[in-house]
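Asks: need coordinates for the following:
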Amino acid sequence: MNIVWFKRDLRLSDHAALKAAIEDGESFLMLYIWEPNIMADSHYSPRHWNFVQQSLNDLNRQLSEANPLLRITILQGNAKEIFHAIHQKYQLKKVFSYEETGLRITYDRDKELSLFFKETAIEWREFQTNGVVRKLKNRDNWAEYWKAQMQKPWDVPNWTKLRGDCLVFDESNEIYKRFLPNDYLLKDANNFQPGGETYAHRYLQSFLSERAKNYSKHISKPLESRKGCSRLSPYIAWGNLSIRQVYQYAQNAKKKVAHRRDLDNFISRLHWHCHFIQKFEMEDRMEFENLNRGYDDIERIDNEYFIERWQSGLTGYPLIDACMRCVCQTGYLNFRMRAMVVSFLTHQLFQHWKTGAVFLAQQFLDFEVGIHYPQFQMQAGVTGMNTVRMYNPVKQSQDHDPNGIFIKTWVKELENCPENFIHEPWKMTPMEQELYNFRLGENYPFPIIDLEEASKKAKEQIWGIRKQQLVRVENKRILNKQVVRNRKR
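Replies: Reported below is the predicted structural model:
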């Protein structure tokens, strides 16, 4: 028998591994494995596994509607032990799956499985994910290759070609009994986007046909972006949609709608999505180390008070606090606000990016390691080759939430704060505080730092080290590997 191993590709359409397994002609098992060591990794939280559980439920619903005998078998345990047990009983021949640009823990698992498959003469056929190329030496032709991949026809599984059996392990199977799975649905998941291929296509169609008309206008707004942005990121991160599907749907939608420029802006970000994952694929030590080793000399001392206040949304800076509370409760925050809270942590609070990276990975429903760490390091200013982006949370608040609606939605303590003080409540005089029945330090905290002073100190540290020899040497190395060389003007 063969196996189609589902990981972060939780869909039935445009699925190369499933298509290949059907065309191979052998009986096969569709398998998903709950892996306890990965589920316990510090980057994940129940919201992620809830999304996966919903996605699996949706796939099995679709399969059963097409054929009551079709189902993805879900097991729980160590992946190698499960494959070994199946091989012993059924003489496993081939495993079909997608490549995964993941955490070090999943990479080590895949290396272990690769060795096991070679030792047991099991053929492991891995398929490329979203145009990300494994073992790529440089980026010279990657952009052209990616675009060509996006324009190719979908890999559509043709169930009419199924010649072998599509196997299912149920309660009577000894392997199922040995690796019995748990149910990971949360008790209260109403604040999070629902998982599944069906919902993914609903979000996609509503965005392309209607919501995208405000995409460029609302992309930076913390409130309006919740509808004006695509909200497809969790569906892409967990594979309910392929990037190629989204790319082609968007290109086709441009022929039918008036908001073509907005869709062009959106399509360009699909490229950037894969660009960052490719960057991580080529240098995955970013999970643990500064991309530019020259920044290792910056000494950052953990301040538990700062970290706890930032995580809890109690910094005294209204937009920072609103964003942190929002993402913790809903799993979503638009790109600019993500960049701002990371900048505040790593620059103004001068804490190490790793502390924030793990915490926000737990919060982001769309956690995608290949985007998460390159973006985190870029916003923290430790890549050496990117402009240091130091966001002023007061200015961002004034520019993107001028009336404080988003702030008041998430920071209930400021509901009665007058609009002219909503961005800087600490400027209220004692008399004004009495007038509005608002007491700074009681209803809402004082700012935990002096913004101007902290920003100045961070700029001196980060810009100062850019001049050092090691930073410059590392810049050349990174550019040679990650940027197209001899680029024509």
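Asks: and the residue lying farthest from the centre of the chain, what helix or strand is that in?
Replies: Most distant residue from the mean C-alpha position of the chain: residue 431, 46.3 Å away (CA atoms, centre = their mean). Using DSSP states H and E, residue 431 sits in helix 430-435.
Asks: can you pull the buried residues of that helix?
Replies: For helix 430-435, the neighbour count (16 or more other CB atoms under 10 Å) marks residue 433 as buried. To be clear about C-beta, it is placed using only N, CA and C from the backbone, and glycine gets the same treatment.
Asks: same check, this time on stretch 462-470
Replies: So for stretch 462-470, counting by 16+ other CB under 10 Å, buried means 462, 465, 466.
Asks: what distance do you get for the residue farthest from the centre of the chain to residue 316?
Replies: Shown here: residue 431 relative to residue 316, a distance of 21 Å by CB to CB, to the nearest Å.
Asks: wait, isn't residue 295 in contact with residue 388?
Replies: No: checked against CB atoms under 8 Å, the pair residue 295 and residue 388 is beyond contact range at 11.1 Å.
Asks: more neighbours: which of these two?
Replies: residue 295 (24 against 18; other CB atoms under 10 Å).
Asks: what residues are up against the more buried one?
Replies: 381, 382, 384, 465, 471 (CB atoms under 8 Å, 6 or more residues apart in numbering).
Asks: ok, these vs residue 54, which is closest?
Replies: residue 382 (36.0 Å; CB to CB).
Asks: could I get the contacting residues of the closest one?
Replies: Contacts of residue 382 by CB under 8 Å, 6+ apart are 290, 291, 292, 295, 298, 353.
Asks: now do the SS call for the second one.
Replies: Local secondary structure at residue 291 is given as coil here, using DSSP: H, G, I helix; E, B strand; the rest coil.
Asks: just give the closest residue to it, not the sequence neighbours.
Replies: Nearest residue to residue 291, sequence neighbours excluded (CB to CB, 6 or more residues apart in numbering): residue 383, at 4.9 Å.
Asks: any idea which element the one you found lies in?
Replies: Going by DSSP H and E, residue 383 is not in any helix or strand.
Asks: can I assume it is in contact with residue 376?
Replies: No: if you go by CB under 8 Å, residue 383 and residue 376 don't touch, sitting 10.2 Å apart.
Asks: which other helices and strands contact the longest strand seen in the chain?
Replies: Counting residues, the longest strand in the chain under DSSP state E turns out to be strand 28-34. Counting contacts by 3 or more CB pairs under 8 Å, 6 or more residues apart in numbering; DSSP states H and E, strand 28-34 packs against strand 2-6, helix 16-24, strand 73-76, helix 79-90, strand 166-167.
Asks: and for that strand, what are the contacting residues?
Replies: 1-7, 10, 18, 21-22, 49, 56, 70-77, 79, 82, 86, 96, 164, 166-169, 181-182, 184.
Asks: right, and residue 200 touches residue 240 too?
Replies: Yes: the pair residue 200 / residue 240 is scored as a contact, 3.8 Å apart, by CB under 8 Å.
Asks: higher neighbour count, these two?
Replies: residue 240 (30 against 27).
Asks: quickly note the distance from that one to residue 199.
Replies: Distance from residue 240 to residue 199, by CB to CB: 7 Å.
Asks: picking up where we left off before, just the ones of the buried residues of stretch 462-470 in helices?
Replies: 462, 465 (DSSP state H).
Asks: redo the buried residues of stretch 462-470 as TSV? Include pLDDT.
Replies: Formatted as TSV, the buried residues of stretch 462-470 follow (pLDDT from 0 to 100):
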residue	pLDDT
462	80
465	79
466	75
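Asks: and which of the buried residues of stretch 462-470 is nearest residue 233?
Replies: Nearest member of the buried residues of stretch 462-470 to residue 233, counting by CB to CB, is residue 462, at 28.6 Å.
Asks: quick one, what contacts the closest residue to the closest one other than its chain neighbours?
Replies: Counting by CB to CB, 6+ apart, residue 462 lies nearest to residue 381, which is 4.8 Å off, once chain neighbours are set aside. Residue 381 is in contact with 295, 346, 347, 388, 389, 390, 462, counting by CB under 8 Å, 6+ apart.
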